[in-house]
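[1] Fold the stuff below for me.
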Amino acid sequence: GDHRDLHYPLRRQRQMCIRDRYNTIKVNEKPHLTLSPFRCGFFLKEGSIMPQTILDFDLASTQDTITPRAGVIVLGEYIKGLGLEKLCNSHLPLPQSNRGFMPFEYVNSLILMLHSGGRVIEDIKAIQTDEALRKSLKLKNVPTSSAVLKWLSRVGLMGIYGIESINKTVLLRHLKRVKDDLILDIDASVIESNKWSAWSTYKECVGYTPMIGHINGGYLIHHEFRDGNMAPAYNNLEFIQRCIAQLPKDRELSWLRADSASYQTEIFNYCDTNKIDYAIGAKISNNVMREIEAISNWQKLPNGEYAGEFIHTMPKAHNAFRVIVTKRVHTPMLPHLTKLFSAEELETYNSTRYHAIATNNNTLSPQEIVKLYRQRANSSENSIKELKSGFNLDYLPTSNFISNALYFAIGTLASVSYTHLTLPTKRIV
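    Presented below is the predicted three-dimensional model:
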């Protein structure tokens, strides 16, 4: 069948929200009700009122156009308030003829589609056929799916650079509301795809591995669309520098958080030179493991874990740094079975798990470093999940790498516009 059949709830929503005139069939002994030709419910005849029984409400028919996407109207108005129309039409290539659609009409239609729950590119038809939505937002032109695919291919790299410039402009407006120290989180993600241009990823699936950067609680500051065969540790320092380049000159980065893919000497040296504190997951090598085994002063944390630390260095590193280690004793056994064994017998089943965090900060305690580092789970990892699942960017429309990169960039702009709308003035990181 058609691949859109996999998205039954969205298609069902379209059918149930159709408001038009139908040839109806009278229901026996209920002249005020008519049966829909879709066999999905009853409609009131024009001018009739449903009799009230228990609930205190009146239900009447109307010829007004309505939409199931009322929330999208609010976002659409906010997008216009941000000035995205002017930004898109000034930073993206203009049409080659007077009959062509303006860049904002393509970008805005895709943003509204992604916010409406659209997943495949053909779902843009839901925006195209929603008369109430188009009338409310004054959408004169909404391109078809085939027109969008041609536009993505034609605009290409110029569109990607244009979206990057637009994101930077919107970021400057957002930072005026943020007075806290800036914390950058970077992480790579995998988008599984069977396109011919996709490569095998480190998760043993075919797809792409974009690198994504967030600041202060999940605001997407920069991204880089990558081939699937590129390692998460590839060019991370260059990506960090590009993220910092998005910031205005009067704002400086205070913290960098990342997983063990960024456990690199050049990143440590860069942070030390530019006075940036970092909390980066450390790789537990044989040398690190010997240092962990030598720790004698373990501090118990409220969640039952233990924390310790030692000083470590790496070849070509300018300075030594702290390594904070957390230890958790794990017993792979069902809780109700522990009563059947003695303490000595349970110890034979115990396994100890370690996690290490490298940091150049000498003021925070081990417990504070662990808490700060683990907040990246919400600021970065959950934000990426929202980007892929909430905005359906786990699907890419074409087999062309550049077109997919531009589509992903527009998806990040959709995420930025939503975050810009919902993020409070002061956010606890």
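
[2] Quick check: mean pLDDT of whichever helix in the chain runs longest?
    Using DSSP state H, we find that the single longest helix of the chain is helix 145-175. The average pLDDT within helix 145-175 is 93.

[3] and it, which residues are buried?
    For helix 145-175, the neighbour count (16 or more other CB atoms under 10 Å) marks 145, 147-149, 151-152, 155-156, 159-160, 162-164, 166-168, 170-171, 174-175 as buried. Using the backbone N, CA and C atoms, a C-beta is placed for each residue, glycine as well.

[4] Sheet partners, orientation included, of the helix or strand following it?
    Sequence order places strand 182-188 as the next helix or strand after helix 145-175, per DSSP states H and E. If you go by DSSP bridges, strand 182-188 pairs up with strand 211-215 (antiparallel), strand 253-258 (parallel).

[5] So what touches the last one?
    Spelled out, it's strand 253-258. Outside strand 253-258, the residues within contact range by CB atoms under 8 Å, 6 or more residues apart in numbering are 181-187, 236, 240, 244, 247, 262, 267, 271, 274, 276-281, 372-373, 375-376, 379-380.

[6] May I see the PyMOL selection of the buried members of those residues?
    Of the contacts of strand 253-258, the buried ones go into a single PyMOL selection, burial set by 16+ other CB under 10 Å:
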select buried, resi 182+183+184+185+186+187+236+240+244+247+262+267+271+276+277+278+279+280+281+372+373+375+376+379+380
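
[7] Which of the contacts of strand 253-258 fall within helices?
    When DSSP H is applied, the contacts of strand 253-258 are split such that 236, 240, 244, 267, 271, 372-373, 376 fall in helices.

[8] got a list of what the closest residue to residue 314 other than its chain neighbours touches?
    Closest residue to residue 314 apart from its sequence neighbours, by CB to CB, 6 or more residues apart in numbering: residue 265 at 5.1 Å. Residues in contact with residue 265 (CB under 8 Å, 6+ apart) are 314-317.

[9] Okay, buried residues for stretch 246-265 please.
    Those would be 246-247, 251, 253, 255-264, for stretch 246-265 by 16+ other CB under 10 Å.

[10] Run through this protein and note the low-pLDDT ranges.
    For the chain, residues meeting the criterion pLDDT under 70 lie at 1-55, 57, 331-341, 343, 345-349, 423-429.

[11] and the residue nearest in space to the middle of the chain, what does it touch?
    Within the chain, the residue whose C-alpha comes closest to the C-alpha centroid is residue 387; the distance, by CA atoms, centre = their mean, is 2.1 Å. Applying CB under 8 Å, 6+ apart, one finds that residue 387 lies in contact with 212, 220, 393, 411-412, 415.

[12] From those, pick the one nearest residue 366.
    The closest of the contacts of residue 387 to residue 366 turns out to be residue 212 (CB to CB; 28.4 Å).

[13] The closest one is in contact with residue 187, isn't it?
    Yes: between residue 212 and residue 187 there is a contact under CB atoms under 8 Å: 6.2 Å.

[14] Need the residues touching each of those two.
    When contacts are counted by CB under 8 Å, 6+ apart, residue 212 and residue 187 are jointly contacted by 380, 384.

[15] Give the burial count for residue 79, as a bare number.
    Close neighbours of residue 79, defined as other CB atoms under 10 Å, add up to 25.

[16] what's near enough to touch the closest residue to it other than its chain neighbours?
    Nearest residue to residue 79 in three dimensions, chain neighbours excluded: residue 417, at 5.6 Å (CB to CB, 6+ apart). Contact analysis of residue 417 by CB under 8 Å, 6+ apart lists 75, 78-79, 82, 84, 111, 170.

[17] Swap in 10 Å and give it another go.
    Residue 417 is in contact with 75-76, 78-79, 82, 84, 108, 111, 115, 170, counting by CB atoms under 10 Å, 6 or more residues apart in numbering.

[18] What of residue 169?
    Residue 169 sits next to 82-84, 87, 90-91 when contact means CB under 10 Å, 6+ apart.

[19] Over to residue 329?
    Counting by CB under 10 Å, 6+ apart, residue 329 makes contact with 304-306, 347, 350-353.

[20] cool, residue 81 as well?
    Going by CB under 10 Å, 6+ apart, residue 81 touches residue 421.

[21] Tell me how far the closest residue to residue 132 other than its chain neighbours lies from residue 126.
    Setting aside the residues directly before and after it, residue 132 is nearest to residue 67 in space (CB to CB, 6+ apart), at 3.7 Å. From residue 67 across to residue 126, the span is 10 Å (CB to CB, to the nearest Å).

[22] For those two, indicate the residue with more neighbours.
    It is residue 126, of residue 67 and residue 126, that has more neighbours when counted by other CB under 10 Å, with 22 against 18.

[23] Tell me how far that one lies from residue 117.
    Distance from residue 126 to residue 117, by CB to CB: 9 Å.

[24] And for residue 282?
    40 Å.

[25] okay, these two: which has more neighbours?
    Shown here are residue 282 and residue 117; by other CB under 10 Å, residue 282 has more neighbours (21 against 17).

[26] residues in contact with the more buried one?
    Residue 282 makes contact with 259-260, 263, 288, 312, 314, 321, 323-325, 354-359 under the criterion CB under 10 Å, 6+ apart.

[27] what sits against the residue nearest to it when sequence neighbours are not counted?
    Once flanking residues are discounted, residue 282 sits nearest to residue 356: 3.7 Å by CB to CB, 6+ apart. Counting by CB under 10 Å, 6+ apart, residue 356 touches 260, 263, 280-285, 288-289, 291-292, 309-310, 312, 323-326.

[28] Can you flag which of the residues you listed belong to strands?
    Among the contacts of residue 356, DSSP state E puts 280-282, 309-310, 312, 323-326 in strands.

[29] Please convert the buried members of the residues you listed into PyMOL selection syntax.
    The buried subset of the ones in strands among the contacts of residue 356, as determined by 16+ other CB under 10 Å, is captured in PyMOL by this line:
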select buried, resi 280+281+282+309+312+323+324+325+326
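
[30] Please tabulate the ones in strands among the contacts of residue 356 in JSON lines and include distance to residue 140 as additional columns.
    Listed next are the ones in strands among the contacts of residue 356 as JSON lines, based on distance: CB to CB, whole Å:
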{"residue": "280", "distance to residue 140": "50"}
{"residue": "281", "distance to residue 140": "50"}
{"residue": "282", "distance to residue 140": "55"}
{"residue": "309", "distance to residue 140": "62"}
{"residue": "310", "distance to residue 140": "65"}
{"residue": "312", "distance to residue 140": "62"}
{"residue": "323", "distance to residue 140": "59"}
{"residue": "324", "distance to residue 140": "57"}
{"residue": "325", "distance to residue 140": "61"}
{"residue": "326", "distance to residue 140": "57"}
